[in-house]
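Peer 1: Have a look; sequence and predicted model below, questions after that.
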Amino acid sequence: MSKLLWKSLLAVPAAMGAAFAVSGTAIAAESASESVVSFDQEPVQLAQITSVSELTDVLPSDWAFQALQSLVENYGCIQGYPDRTFRGQRSMTRFEFAAGLNACLDVMAVLISQAGLDPEDLATIRRLQEEFQAELATLRGRVDALEAETAELRAQQFSTTTKLRGQADFHLGAPFDTFDTGGIVEDSVSVASRARLNFDTSFTGEDLLRIRLQSGDGSFLNPVGGLANAGGDGFNVDVTNFYYSFPLGSRINATLSATGLAGDDWVTSTIVPFDGPSVADAGLPSFYSAGGVPGNAAGVGLNFALTDSIILDLGYNTSNVGGATNPAIGVSAAQGQSYIAQLSFLPEGFLNAGIAYVGSDNSEGFEGGAFGRTDTFAGLLNLDFGRFFVAGHAAWTDFNGGDDFSWTAGLGFNDFLMEGSQLGVYGGQLPQLAGYLDNPWIVEGYYEIPVSQFITLTPALIYGEANLGGPDDTGFYGALRMTFSF
């Protein structure tokens, strides 16, 4: 068999593998949003290269460098991306397989045409084919089985556009003394739980339609704001989120909400790291709900990425206090309205900060209990030094001719004793609500522990001072929360 023909035969498997690797993302779609993967693929014009040194992400120390060098310089069977990268670690699609195979067959055809194919060479090829017939048959069977399994999964899948995500939270709270505010008495071990199912749908890969079903029962820490991950009554199932979010260009995102979004739901970040890991709801800056609209509120939000690190968030809610059917949710003459604007600075560095305004025409719940106008101005700050952070917020609220000042501050340690954990301590003065003699106070220390990828355990110690004028306005709790994500 001629030397040139042997070169063509030897070039095929190696060139196929390398061509497949370089085309691994040539046509592959980028990862979609959290809810769906798109199979639509955009073509990429690859660039022919004459030397492996033209590939900026291939180094002589790479294990496949010699193979790539041979394929480029001896066979010309390798192409790079327009930015002169190879991206050899990426996966390969069926389209890319075809493109790589075609490139290698072209090389083989040229080499064979130059050398010719005599009967002896043809006999050798047939002998090799017979020798590897068993391996080829096995490979063909595996491919057929994989295609059949893929077809079955597609036929039986829940939806091509929707993903089901869930979260369940279980709380155990043990007061070390009696928390008696006159209207609320908490003096025994309490259990609270909440379950959520999110149906997340995407139609373009960049939008999100979310419908959330939620059920739960139980609570404690009620005089000082309650629990962060609790809600519901008697395990009744309700639709607590119903909204559609979609991009308007490359730097604007819009959200239309039928129910479930208000206050902090409209902003890109609440800045402070206590929001989320904390067991008490006070970890979320409470000014976001100042003069809030009832939970059946409809609304609209816009997020403007002015730069990569400066974001302007706008949100508006409207509702009737009587409920969605008494009468239907109003817009122009709604009894309850709220609006929020927040400008956030979220760079890659250690400083995150934001300023916010929250306005409302439904101030029931603040001192006096009357409807009226509230205006809240707030600042938020987080100094993140890697594994150590210092954060807090301050807010001033004007309502019914008076004013109120609230704040929280604290510090924490990321990856404390184990990767993915967070140890935090924060405290502060909460807003003064209706019936309170003075502002409530709260201090919480928590330790969020990732037991596994799907289970998180968070023990906490919480002290609260309600200032409601009851026999015992202070309470000290031990609490434990277990969260399952699936």
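Peer 2: Done, it's in.
Peer 1: Please tell me how far residue 130 sits from residue 136.
Peer 2: Using C-beta to C-beta, to the nearest Å, residue 130 is found at 10 Å from residue 136. Every C-beta, even on glycine, is put in place using the N, C-alpha and C of the backbone.
Peer 1: And for residue 319?
Peer 2: In terms of C-beta to C-beta, residue 319 sits 67 Å off from residue 136.
Peer 1: Angles on the backbone of the closest residue to residue 472 other than its chain neighbours, please.
Peer 2: Take residue 472 and drop its neighbours on the chain: the residue closest to it by C-beta to C-beta, 6 or more residues apart in numbering is residue 180, 4.3 Å away. Phi and psi for residue 180, reported as degrees, to the nearest 10, are phi -120, psi 100.
Peer 1: Show me what residue 180 bridges to in the sheet.
Peer 2: Listed by DSSP bridges, the beta-bridge partners for residue 180 are residue 185, residue 472.
Peer 1: Report the contact partners of it.
Peer 2: Listed by C-beta atoms under 8 Å, 6 or more residues apart in numbering, the contact set of residue 180 reads 186-187, 470-473.
Peer 1: what's the answer for residue 190, then?
Peer 2: With contact taken as C-beta under 8 Å, 6+ apart, residue 190 is in contact with 171-174, 218-220.
Peer 1: about what we covered before: in terms of neighbours, single out the busier of residue 319 and residue 136.
Peer 2: The residue with more neighbours, out of residue 319 and residue 136, is residue 319; 26 against 10, by other C-beta atoms under 10 Å.
Peer 1: wouldn't the more buried one be in contact with residue 361 here?
Peer 2: No. With contact defined as C-beta atoms under 8 Å, residue 319 does not reach residue 361; the gap is 10.7 Å.
Peer 1: Looking at the closest residue to residue 291 other than its chain neighbours now. What's its pLDDT?
Peer 2: Distances taken as C-beta to C-beta, 6+ apart place residue 360 nearest to residue 291, at 3.0 Å, with adjacent residues excluded. Per-residue pLDDT puts residue 360 at 86.
Peer 1: what sits against residue 360?
Peer 2: So residue 360 contacts 290-293, 336-339, 373-374 (C-beta under 8 Å, 6+ apart).
Peer 1: ditto for residue 236
Peer 2: Taking C-beta under 8 Å, 6+ apart, one finds residue 215 in contact with residue 236.
Peer 1: Using PDB, write out the CA atom coordinates for stretch 75-90.
Peer 2: Extracted in PDB, the C-alpha atoms of stretch 75-90 (Å, rounded to 0.1, in the frame of the first residue of the first chain):
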ATOM      1  CA  TYR A  75      -3.200  17.500   6.600                       C
ATOM      2  CA  GLY A  76      -4.800  21.000   6.900                       C
ATOM      3  CA  CYS A  77      -7.900  19.400   8.500                       C
ATOM      4  CA  ILE A  78      -8.400  21.700  11.400                       C
ATOM      5  CA  GLN A  79     -10.300  25.000  11.600                       C
ATOM      6  CA  GLY A  80     -10.500  27.600  14.400                       C
ATOM      7  CA  TYR A  81     -13.000  30.100  15.600                       C
ATOM      8  CA  PRO A  82     -12.800  33.600  14.100                       C
ATOM      9  CA  ASP A  83     -11.200  34.800  17.400                       C
ATOM     10  CA  ARG A  84      -8.400  32.200  16.800                       C
ATOM     11  CA  THR A  85      -9.500  29.900  19.600                       C
ATOM     12  CA  PHE A  86      -9.800  26.100  19.500                       C
ATOM     13  CA  ARG A  87     -12.100  25.400  22.600                       C
ATOM     14  CA  GLY A  88     -11.100  21.800  22.800                       C
ATOM     15  CA  GLN A  89     -12.900  21.100  26.100                       C
ATOM     16  CA  ARG A  90     -16.400  21.800  24.700                       C
END
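Peer 1: switch to numbering from 59
Peer 2: Okay, using 59 as the starting number, the last item reads as stretch 133-148.
Peer 1: Just the mean pLDDT for it, thanks.
Peer 2: Averaged over stretch 133-148, pLDDT sits at 77.
Peer 1: same thing with stretch 431-438?
Peer 2: Mean pLDDT, stretch 431-438: 92.
Peer 1: Need the pLDDT of residue 365.
Peer 2: Confidence for residue 365, expressed as pLDDT, is 96.
Peer 1: Residue 404 reaches residue 367, doesn't it?
Peer 2: Yes. Contact criterion C-beta under 8 Å: residue 404 and residue 367 qualify, at 5.4 Å.
Peer 1: give me the low-pLDDT residue ranges for the stretch 259-408 of the chain?
Peer 2: Applying pLDDT under 70 to the stretch 259-408 of the chain picks out residues 350-354, 378-393.
Peer 1: where along it do the strands fall?
Peer 2: For the stretch 259-408 of the chain, the strands defined by DSSP state E, counting those that start in this stretch occupy 266-275, 296-305, 310-317, 356-363, 368-377, 394-403.
Peer 1: tell me which element the nearest residue to residue 335 once chain neighbours are set aside falls in.
Peer 2: Nearest non-adjacent residue to residue 335, counting by C-beta to C-beta, 6+ apart: residue 506, 4.2 Å away. Using DSSP states H and E, residue 506 sits within strand 499-508.
Peer 1: If you count neighbours, what's buried in the next helix or strand after that strand?
Peer 2: Remark: after strand 499-508, the chain's next helix or strand is strand 513-523, criterion DSSP H and E. For strand 513-523, burial by neighbour count (16 or more other C-beta atoms under 10 Å) applies to 514, 516-523.
Peer 1: Packing partners of strand 513-523?
Peer 2: The contact analysis (3 or more C-beta pairs under 8 Å, 6 or more residues apart in numbering; DSSP states H and E) places strand 513-523 against strand 499-508, strand 532-543.
Peer 1: residues making contact with it?
Peer 2: Contacts to strand 513-523, defined as C-beta under 8 Å, 6+ apart, come from residues 237, 279, 281-282, 335-338, 498-509, 531-543.
Peer 1: cool, stretch 303-310 as well?
Peer 2: With contact meaning C-beta under 8 Å, 6+ apart, stretch 303-310 is reached by 262, 264-268, 311-314, 360-364.
Peer 1: Of these, which is the nearest to residue 484?
Peer 2: Residue 484 has its nearest neighbour among the contacts of stretch 303-310 in residue 361, at 26.6 Å by C-beta to C-beta.
Peer 1: Leaving out sequence neighbours, find the closest residue to that closest one.
Peer 2: Closest residue to residue 361 apart from its sequence neighbours, by C-beta to C-beta, 6+ apart: residue 311 at 4.5 Å.
Peer 1: give me the number of residues near the one you found?
Peer 2: For residue 311, using other C-beta under 10 Å, the count is 20.
Peer 1: Confirm for me that it is in contact with residue 360.
Peer 2: Yes. In this structure, residue 311 is within contact of residue 360 by C-beta under 8 Å, at 7.3 Å.
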